[in-house]
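S.K.: this one's sequence-less:
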RNA sequence: GCCGAAGUGGCGGAAUAGGCAGACGCGACGGUCUCAAAAACCGUUGGGCAUUUGGCCCAUGUGGGUUCGAGUCCCACCUUCGGCACCA
């Protein structure tokens, strides 16, 4: 045994021992409170990078802390193994995606072990294996049976680089680029498989109130779902009483202010009602709009355009005809694809009306204006003078609206909604921005969609007992990225399971977000029923085990998945509940989003910038404990921050100091016994640190947790050279230090624990409780201010009363210097904190 | 444009039921050790002024406000980052 701190030696030694003794094996113990701790599973790109460490090391510390608190903690891991990089490697380097992926996984397993995590390797899952993805297909089939999976032809986003369609959630930013590769997407009209996530829109919204997730994520999801309440009603065409269209509005109270109506250029009615003399112009506009949507969508800088189609619609509330226009600011994909335009009270309509000289009748005025009886406020001059639409709801009162004049929000909404329901075939309606989840991908390396197309029977789902549809291994990869499945004769041709006719398989595979939508359930029993015949009545995991562990208690991962994975998995759980697989509504009860770790230059790590930090280099130089602690020390976990190559030295020095504190004998020997005060002071430091560190682990405040441990160890280094060394209080301090370090720095604490002769393993010890009584100070220093400025500091007993403190403060000569010649007006005493003397 | 988060020393960051701003660490400077260097250890370190001791003033993006007292609360603005983008 060496006396020097050699992390490389001790870390591998303990990692081996932990595995041999199966320290972290999962046991279902009904007497213990279970804690399912989960961190987002990595994509096996080949190397565990700093981002993985930043996500996983603090998660591991939090999981280990819970474990020491006496909870039955399960912390599994797996690999999100389907996806494009594997297929691209196949195309570029002629290596099969399966081989490439499994090789990477092997490498990353080793790296994950080096991190010293308590991952439960006995329940690892790899999503690209048939035993896993057969359940993707089983779920698809279930959803199909329930009407949750459907196929339709509609404009979809296509990434020309990835050669596949994308879900709306995977199209990001102003330029509408592919979330994965950054290429701007184009729009294509294709038949694609979708999941009816919109069916759960309301529930996805309401469920947010029941889970302990960061507000940021909740807000992102709420905005993404984009619920808006309004009224849909009918507008008849003047002179063509057989024809009508429906409009959606969130402001039925403004209906009297309608001065025109707008149809989306693609609206089916345009064709029928356009007046002959306008036809040419209208067709040109429609063609232009269509072309626009097929090109990379340009930002139009808000400039609106449209054309009058020579037809009029009847405003149901007052029977007035209004001109019908078409304009591309009205989208066919939202609401009814048609709107009533109220320029005075909608900014977009306002801009349009100004551009084309359409009237702007005011029908809502502020309450004060109404109460003042100021009629000029809604005169023509007032409308002409408007610089922007008046869109406020609260405090708005209806005017120029016949029988509704004087009605204020929100009664105005209800009254007009009711009127429209009764007179214009109207109904209250809720619209959502959320679209159904497009799951078809035109790529090879994914789960085959279990569908067969039969010329006789049409679309036929693969029977449960024929699952899984195996992804054929012998694929010919094309440089274009076109899916090899389309050309794989053996895969393609199949007999129809219903009539036996020659039929073909669906060649699209599933979005890989399918895999991660339910992996937390798969971990319960990885590859459940692999090789067995599946049936509709199955449960994709061992039911009894699942009942103990599910749902996930604490989830950690990046916020970039806010409207993708984190939305999909919530949808999936609700759908699974409706299938009867689970009896809860939300998959993850608590969520914490860690930040992003940046390069030393403060920029996002990237190969092109050359600022990528390879954690392996630092692990071999300083050891995993140092890297773990450093990542926790950098700053608040949800904030991320730059990797400072010099900062890690400081953390490493701290570990060396702790090592020497425990292992080396003191420099001096003392023959006098320690006095009571020294003992009390030491115990106070110990218990103060215990309370602080405990609170910080609870709240994932790892940076201040490490800082507190550093402070405490500095105290101990000084105390070591005093008579308290070797006392019971000293033992308590050292033991507490190691126990507090154990979750964050599992190897060094285990080694020092063993060197103290304590029983294996430190990771099976109960968490040391801090005692608030022992942590209490006896004497506190309080500041004395005169007119808000600190002029003196005095020592007072912690329980000194206000009067005593005030007297002591006023007795201070330094204070008297500042109050001399002044009258004391007021003395504010905050016990234990400060005194402020107001004098002038 | 809208929504959200955030602006504190040379740097990463502490401190918010309003109560001593700058914990902890990095860097820098000085010292011990050494032939020397590295490492390690000890000390100093927000800015300015003063300095024989005690000191004084200014400081948490900017400008106001509330308060005995504001990094923390309120109003307006500036900057950065993230998200959404004609959603009717």
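M.R.: Structure's in. What do you need? In this text the structure is predicted, and so the values were computed from the model without any measurement. Residues are numbered from 1 along each chain as shown, chains lettered A, B, ... in the order given.
S.K.: please enumerate the helices of the stretch 401-550 of chain A.
M.R.: A:411-423, A:489-492, A:513-517, A:519-522, A:543-549 (DSSP state H, counting those that start in this stretch).
S.K.: quick one: closest of the ones you listed to residue A:647.
M.R.: helix A:513-517 (33.2 Å; C-beta to C-beta). Glycine gets a C-beta too; all of them are placed from N, C-alpha and C.
S.K.: thinking again about what came up before, of the helices of the stretch 401-550 of chain A, which is nearest RNA strand B?
M.R.: Nearest of these to RNA strand B, taken as C-beta to the nearest atom of the strand: helix A:411-423 at 11.3 Å.
S.K.: let me see the domain layout of chain A.
M.R.: A:137-197+A:437-513, A:228-431, A:615-775, A:779-839 (automatic domain parsing).
S.K.: residue A:73: which of those is closest?
M.R.: With respect to residue A:73, and counting by C-beta to C-beta, the nearest of these is domain A:615-775 at 10.7 Å.
S.K.: thinking again about what came up before, can you redo the domains of chain A as JSON lines with distance to RNA strand B?
M.R.: Below are the domains of chain A laid out as JSON lines (distance: least, C-beta to the nearest atom of the strand, whole Å):
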{"stretch": "domain A:137-197+A:437-513", "distance to RNA strand B": "4"}
{"stretch": "domain A:228-431", "distance to RNA strand B": "3"}
{"stretch": "domain A:615-775", "distance to RNA strand B": "3"}
{"stretch": "domain A:779-839", "distance to RNA strand B": "3"}
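S.K.: out of those, which gets the lowest mean score?
M.R.: Lowest mean pLDDT within the domains of chain A: domain A:779-839, at a mean of 84.
S.K.: rewinding a little: now tabulate the helices of the stretch 401-550 of chain A in CSV and tack on mean neighbour count.
M.R.: Listed next are the helices of the stretch 401-550 of chain A as CSV, based on neighbours: other C-beta atoms under 10 Å:
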stretch, mean neighbour count
helix A:411-423, 17
helix A:489-492, 12
helix A:513-517, 25
helix A:519-522, 24
helix A:543-549, 15
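S.K.: take those helices and lay them out in CSV including distance to residue A:277.
M.R.: Below are the helices of the stretch 401-550 of chain A laid out as CSV (distance: least, C-beta to C-beta, whole Å):
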stretch, distance to residue A:277
helix A:411-423, 33
helix A:489-492, 53
helix A:513-517, 51
helix A:519-522, 61
helix A:543-549, 69
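S.K.: determine which of those approaches residue A:479 most closely.
M.R.: Per C-beta to C-beta, nearest to residue A:479 of the helices of the stretch 401-550 of chain A: helix A:489-492, 20.4 Å.
S.K.: which elements pack onto the closest one?
M.R.: In terms of contacts (3 or more C-beta pairs under 8 Å, 6 or more residues apart in numbering; DSSP states H and E), helix A:489-492 is packed against strand A:502-505.
S.K.: and stretch A:451-464, what's buried?
M.R.: Residues A:451, A:452, A:454, A:460, A:461, A:462, A:464 are the ones in stretch A:451-464 that count as buried (16 or more other C-beta atoms under 10 Å).
S.K.: the first one pairs with what?
M.R.: The bridge-partner assignment for residue A:451, based on DSSP bridges, gives residue A:461.
S.K.: and for residue A:263?
M.R.: Beta-bridge partners of residue A:263, as defined by DSSP bridges: residue A:326, residue A:338.
S.K.: which residues touch it?
M.R.: Going by C-beta atoms under 8 Å, 6 or more residues apart in numbering, residue A:263 touches A:245, A:269, A:270, A:309, A:324, A:325, A:326, A:330, A:337, A:338.
S.K.: quick check: it vs residue A:228, distance?
M.R.: Separation of residue A:263 from residue A:228 (C-beta to C-beta, to the nearest Å) stands at 20 Å.
S.K.: returning to that earlier point: make TSV from the domains of chain A and add distance to residue A:24 to it.
M.R.: Formatted as TSV, the domains of chain A follow (distance: least, C-beta to C-beta, whole Å):
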stretch	distance to residue A:24
domain A:137-197+A:437-513	28
domain A:228-431	47
domain A:615-775	8
domain A:779-839	43
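S.K.: show me where the stretch 1-150 of chain A has its strands.
M.R.: A:34-39, A:72-74, A:76-79, A:120-126, A:149-159 (DSSP state E, counting those that start in this stretch).
S.K.: show the average pLDDT along the second one.
M.R.: On average, the pLDDT along strand A:72-74 is 97.
S.K.: got the contact list for that strand?
M.R.: A:26-29, A:32-37, A:63-64, A:66-67, A:118, A:120, A:549.
S.K.: how about the helices in the stretch 151-300 of chain A?
M.R.: Going by DSSP H, counting those that start in this stretch, the stretch 151-300 of chain A shows helices at A:201-207, A:215-225, A:268-273, A:279-294.
S.K.: want to throw those helices into TSV with mean neighbour count?
M.R.: Converted to TSV, the helices of the stretch 151-300 of chain A look like this (neighbours: other C-beta under 10 Å):
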stretch	mean neighbour count
helix A:201-207	17
helix A:215-225	15
helix A:268-273	16
helix A:279-294	14
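S.K.: what's the most distant pair in the buried residues of stretch A:451-464?
M.R.: A:454 and A:464 (17.7 Å).
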